[in-house]
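*Asks:* Any chance you can model this:
(one chain, ligands or ions: 1)
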Amino acid sequence: MTSAENSLPRPRRFAPAGPLRGTVRVPGDKSISHRALMLSALAVGRSRISGLLEGEDVLATAAAMRALGARLERTSPGEWQVSGVGVGSLLQPEGALDMGNSGTSTRLLMGLLASHPLTVAFTGDASLSKRPMGRVIEPLSLVGADFTASPGGTLPLMMRGASPPVPVEYRLPVASAQVKSAILLAGLNTPGITTVVEPVPTRDHSERMLAGFGADLKVEAGPAGERVISIAGEADLRPQDIVVPGDPSSAAFFIVAALLVPDSEVRVENVGMNPTRAGLVEVLRMMGGDIEEDGVREVGGEPVADLVVRHSPLRGIEIDPALAPSMIDEFPALFVAAAMAGGTTTTTGLDELRVKESDRLRVMAEALTDAGAEVDEREDGLIIRGTGGEALHGTDGVAIATHLDHRIAMSMAVAGLASERGVEIDDTRPIATSFPNFEALLDGLAQ
Ligand code: S3P
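*Replies:* Residues are numbered from 1 along each chain as shown. Below is the predicted model of the structure:
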């Protein structure tokens, strides 16, 4: 259960507050935090994790790993110790696994458990219960797992893990790191070689971390340049010390805010710059954004930098759909930047945005229009005619509907700071799923 389900909505008006100046340190990467907990729970012995994101989505994964028999202990903020049980030795959970708002927890755990002889019920909040699970049910059925899902292939669903599981070779029909990871995780407890063919590269945190834990994983190039990823089961994972780098998807809101609010200069520390995640920075630079990288280094096997971002006039561009997977969660923030750029920004190839925590094309088109932007919604993208640097008008008397989607709430908060009259959000509670201290950090930057 998420905080957005067991308390009253928390509306807030985000008002313009002068230039943003100072330093923020972004919390741990959500994708990497989920994977760190899952793999630690499968290693034999004790792993240590530091910099873990303690947002509700990751805590849903932590609760699930406990219910499956691993011992997890929070020793101080962001520092966790996990005593794993070994691949194949997870226990039958007593109740349903409540995944809250988290698609990543759900799809990765379905994969992980599909090759274990367990019967598991998955439940989630109203947003998660609308999201398509058919994309993981299909390959995991080939592994031998059996599913009873709600109509449309959604949660709540019941899964009976395969016994014995069958190794598959599966070509991804959608560019999805969650589907890729689900199959690789199923491969951990499957005898033989499990292979995923990925025509369009997506975030590669699972591959990096599986190799770090000692799994026998290979990444090769296929005949048409596809990534062919294979993993040998039944794997023995060795416990690790993991440092989780900062989340570029959380950094996105500060980067866009600093670019849009006049006279701002913000240093965003600890930003993961894995090339499979860094598309937003590339696109904002093409639009004219002044974003400087400082202190490039490696944290936990991932490239990380501090970014110095200065207010910049932006120009609209046509965004190459090939960049979409490397910034798939950053489009709501990018749409806000486009709304204040000079000229038109055109996006295409973004059908996947319709099946995120909300339909992010429809919801952002409505939200930005309510705030005074000029937006056309197309089937697979938005066309946004920017103000040329003028502040958006803001909302008068309407509250932006966030639809249990943290990234809509944070993006429209940024739009509020860059508006004339402020933007009212109907509910800030969903922000806690990925970025519990977002409002405190944002408020701390205002002069
Ligand atoms: C994620 C993959 C992406 C992303 C999500 C996290 C992951 O989803 O949108 O926030 O951790 O693997 P898809 O794989 O559905 O694109």
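*Asks:* how many other residues sit next to the residue lying closest to D329 once chain neighbours are set aside?
*Replies:* Closest residue in space to D329, ignoring its immediate chain neighbours: S249 at 4.5 Å, by Cβ to Cβ, 6 or more residues apart in numbering. Just so you know, the C-beta spots here come from the backbone N, C-alpha and C atoms, and that holds for glycine as well. Neighbourhood size, S249 [other Cβ atoms under 10 Å]: 25.
*Asks:* pLDDT averaged over the host helix or strand of S249, what's the number?
*Replies:* Applying DSSP states H and E as the criterion places S249 in helix 248-260. Mean per-residue pLDDT for helix 248-260: 98.
*Asks:* other SSEs contacting it?
*Replies:* Packed against helix 248-260 by the contact rule (3 or more Cβ pairs under 8 Å, 6 or more residues apart in numbering; DSSP states H and E) you find strand 265-272, helix 279-286, strand 290-299, strand 302-310, helix 331-339, helix 406-417, helix 438-445.
*Asks:* Tabulate these in a markdown table, adding columns for distance to the ligand, mean pLDDT and mean neighbour count.
*Replies:* Listed next are those as a markdown table, based on distance: least, Cβ to the nearest ligand atom, whole Å; pLDDT from 0 to 100; neighbours: other Cβ atoms under 10 Å:
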| stretch | distance to the ligand | mean pLDDT | mean neighbour count |
| --- | --- | --- | --- |
| strand 265-272 | 12 | 97 | 22 |
| helix 279-286 | 12 | 98 | 20 |
| strand 290-299 | 17 | 95 | 13 |
| strand 302-310 | 13 | 97 | 20 |
| helix 331-339 | 10 | 98 | 28 |
| helix 406-417 | 9 | 98 | 29 |
| helix 438-445 | 16 | 97 | 17 |
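*Asks:* Using CSV, lay out those together with distance to I319.
*Replies:* Below are the helices and strands packed on helix 248-260 laid out as CSV (distance: least, Cβ to Cβ, whole Å):
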stretch, distance to I319
strand 265-272, 20
helix 279-286, 6
strand 290-299, 16
strand 302-310, 19
helix 331-339, 8
helix 406-417, 16
helix 438-445, 25
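*Asks:* between the ones you listed, which one is nearest to A257?
*Replies:* helix 406-417 (4.6 Å; Cβ to Cβ).
*Asks:* How confident was the prediction at D396?
*Replies:* According to the prediction, D396 has pLDDT 88.
*Asks:* That one reaches R421, doesn't it?
*Replies:* Yes - counting by Cβ atoms under 8 Å, R421 is a contact partner of D396 at 6.7 Å.
*Asks:* Which one's more surrounded, these two?
*Replies:* Between D396 and R421, counted using other Cβ under 10 Å, R421 has the larger neighbour count: 17 against 11.
*Asks:* nearest residue to the more buried one other than its sequence neighbours?
*Replies:* Distances taken as Cβ to Cβ, 6+ apart place G394 nearest to R421, at 3.6 Å, with adjacent residues excluded.
*Asks:* Look up phi and psi at the one you found.
*Replies:* With angles defined as degrees, to the nearest 10, G394 sits at phi 100, psi -180.
*Asks:* Please determine how far it is located from I32.
*Replies:* 36 Å (Cβ to Cβ, to the nearest Å).
*Asks:* And those two? Which one has more around it.
*Replies:* I32 (32 against 21).
*Asks:* Wasn't the more buried one part of a helix?
*Replies:* Yes - I32: assigned to a helix according to DSSP: H, G, I helix; E, B strand; the rest coil.
*Asks:* Does it touch S206 like I think?
*Replies:* No - between I32 and S206 no contact is recorded; they are 9.6 Å apart, counting by Cβ under 8 Å.
*Asks:* bridging residues for E374?
*Replies:* For E374, the beta-bridge partners under DSSP bridges are R385.
*Asks:* Quick one: residues contacting it.
*Replies:* By Cβ atoms under 8 Å, 6 or more residues apart in numbering, the contact set of E374 is A339, I384, R385.
*Asks:* what do you get for R171?
*Replies:* So, once contact is read as Cβ under 8 Å, 6+ apart, R171 ends up touching V196, V197, P199, E226.
*Asks:* Which strand or helix spans A41?
*Replies:* Element membership for A41, per DSSP H and E: helix 30-42.
*Asks:* and that helix, does that touch the ligand?
*Replies:* Yes - using Cβ under 6 Å from any ligand atom, helix 30-42 reaches the ligand at S31.
*Asks:* How much space separates L441 from I32?
*Replies:* In terms of Cβ to Cβ, L441 sits 20 Å off from I32.
*Asks:* which parts of the stretch 301-447 of the chain sit against the ligand?
*Replies:* So the stretch 301-447 of the chain meets the ligand at I328, D329, E352 (Cβ under 6 Å from any ligand atom).
*Asks:* so what's the spatially closest residue to the first one that is not a sequence neighbour up against?
*Replies:* Think I328. If the residues on either side of it in the chain are set aside, I328 comes closest to E352, at 6.4 Å by Cβ to Cβ, 6+ apart. E352 makes contact with V174, A175, S176, A324, I328, according to Cβ under 8 Å, 6+ apart.
*Asks:* Select from those residues the one having the most neighbours.
*Replies:* A324 (24 neighbours).
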